[in-house]
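Build the 3D model from these lines:
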Amino acid sequence: MRAELATLQRQQRQGRQRWKALLTETGLYTPEALKRFKYQLALCHHEDCLLQDQISALRSQLKALHDEQAGVQSAIHKLQIAQEKVDIIKEL
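Down below sits the predicted model:
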């Protein structure tokens, strides 16, 4: 089990080294590129947080609208019952 783990870890290291070598050869692995990547990653994370906040706000608004709709439907039902009672009284 430990031998398998060691083999997998070695393969993983070798894979990372191959990718790093390839990116270095193509000019994609530079300190400037790494800084740009980290900046873009931070920017994406910030935008994601803002979107999550907006989603939460919209969910709250949607819940409030559903609650308001339920209140309106309840009021309509009560008015219908009251109208039925008025109609019954008029018939008497």
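
Assign Y29 to helix, strand or coil.
Secondary structure for Y29, judged by DSSP: H, G, I helix; E, B strand; the rest coil, is coil.

host element of the residue nearest to it when sequence neighbours are not counted?
Distance criterion C-beta to C-beta, 6 or more residues apart in numbering; nearest residue to Y29, sequence neighbours excluded, is L23 at 3.5 Å. (Glycine included, C-beta is placed from N, CA and C.) Using DSSP states H and E, L23 sits in helix 2-26.

How far off centre is that helix?
Relative to its chain's centre, helix 2-26 lies at 33 Å (C-alpha atoms, centre = their mean, to the nearest Å).

residues making contact with the least confident helix or strand in the chain by mean pLDDT?
The weakest-scoring helix or strand in the chain, judged by mean pLDDT, DSSP states H and E, is helix 2-26 (a mean of 88). By C-beta atoms under 8 Å, 6 or more residues apart in numbering, the residues outside helix 2-26 that reach it are 29-30.

which parts of that helix are buried?
Of all the residues in helix 2-26, not one is buried under the rule 16 or more other C-beta atoms under 10 Å.
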